[in-house]
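Visitor: Structure for this input, please:
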Amino acid sequence: DNAVVKHDSFEEEEEEEEEEEPQHTNKAPPPPPQATVVRARKKGIRGETSEERKARKDALKLEKLRKREKRTNGEAKQLKPCDICGHDSDLLIRCQIDASGDWKFVCGKRCWKSVSGGVTDGDADHPHYRYGGLWKAHGA
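Guide: Purely as a prediction, here's the structure:
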């Protein structure tokens, strides 16, 4: 009484799909669309001359500068001194450089290569060197 009924609906769907496929004729395929030739215009993308574009870009630069000054209240960006040479810098590398394990801020242009050997993870000649990230002066 618990007979299993097998449905042929899947096969019927496949047959219907086959019937829906377009019939091919011996006609030639349509020609490909013609390539459009892009030519440089005397005016830019926005329809402006080079002088107008330069003036627009200069105005945008001036606006960015005003926003930056407003953000920093007209003050120069904060600099920190290098723990090795004392030179003020806006980018310092935080690292351990000796057996004490104290973290130091070292300037990247002058002192970093001497304390690390010029390698991010240090080398055999600098066994106590350990990289700890960057400090950057924001608001520039």
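Visitor: After the helix or strand where A59 lies, which helix or strand is next?
Guide: Using DSSP states H and E, A59 sits within helix 50-71. Remark: after helix 50-71, the chain's next helix or strand is strand 80-81, criterion DSSP H and E.
Visitor: which other helices and strands contact that next one?
Guide: Judged by 3 or more CB pairs under 8 Å, 6 or more residues apart in numbering; DSSP states H and E, the packing partners of strand 80-81 are strand 88-89. C-beta here means a position set from N, CA and C on the backbone, and glycine is covered the same way.
Visitor: Give me the sheet partners of the strand it packs on and which way each runs.
Guide: Strand pairing for strand 88-89, determined by DSSP bridges: strand 80-81 (antiparallel).
Visitor: Any chance you could list what contacts the strand it pairs with?
Guide: Strand 80-81 has contacts (CB atoms under 8 Å, 6 or more residues apart in numbering) with 87-89, 92, 105, 135, 137.
Visitor: Buried only: go through the residues you listed for me.
Guide: 89, 92, 105 (16 or more other CB atoms under 10 Å).
Visitor: Bridge partners for the last one, pull those for me.
Guide: Yep, that's F105 we're talking about. With DSSP bridges as the rule, F105 is bridged to R94.
Visitor: Run through the residues that contact it.
Guide: Taking CB under 8 Å, 6+ apart, we find F105 in contact with 80-83, 92-94, 135.
Visitor: my read: D83 touches V106, true?
Guide: Yes. Using CB atoms under 8 Å, D83 is in contact with V106, at 6.4 Å.
Visitor: Looking at the two, which one has more neighbours?
Guide: V106 (22 against 18; other CB atoms under 10 Å).
Visitor: Look up how far H87 lies from the more buried one.
Guide: 10 Å (CB to CB, to the nearest Å).
Visitor: With P29 instead?
Guide: For P29, the distance to H87 equals 72 Å [CB to CB].
Visitor: Make TSV from the buried ones among the contacts of strand 80-81 and add distance to R46 to it.
Guide: Converted to TSV, the buried ones among the contacts of strand 80-81 look like this (distance: CB to CB, whole Å):
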residue	distance to R46
S89	41
L92	42
F105	46
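Visitor: of all those, which comes closest to G118?
Guide: Using CB to CB, L92 is the member of the buried ones among the contacts of strand 80-81 that lies nearest G118, at 16.7 Å.
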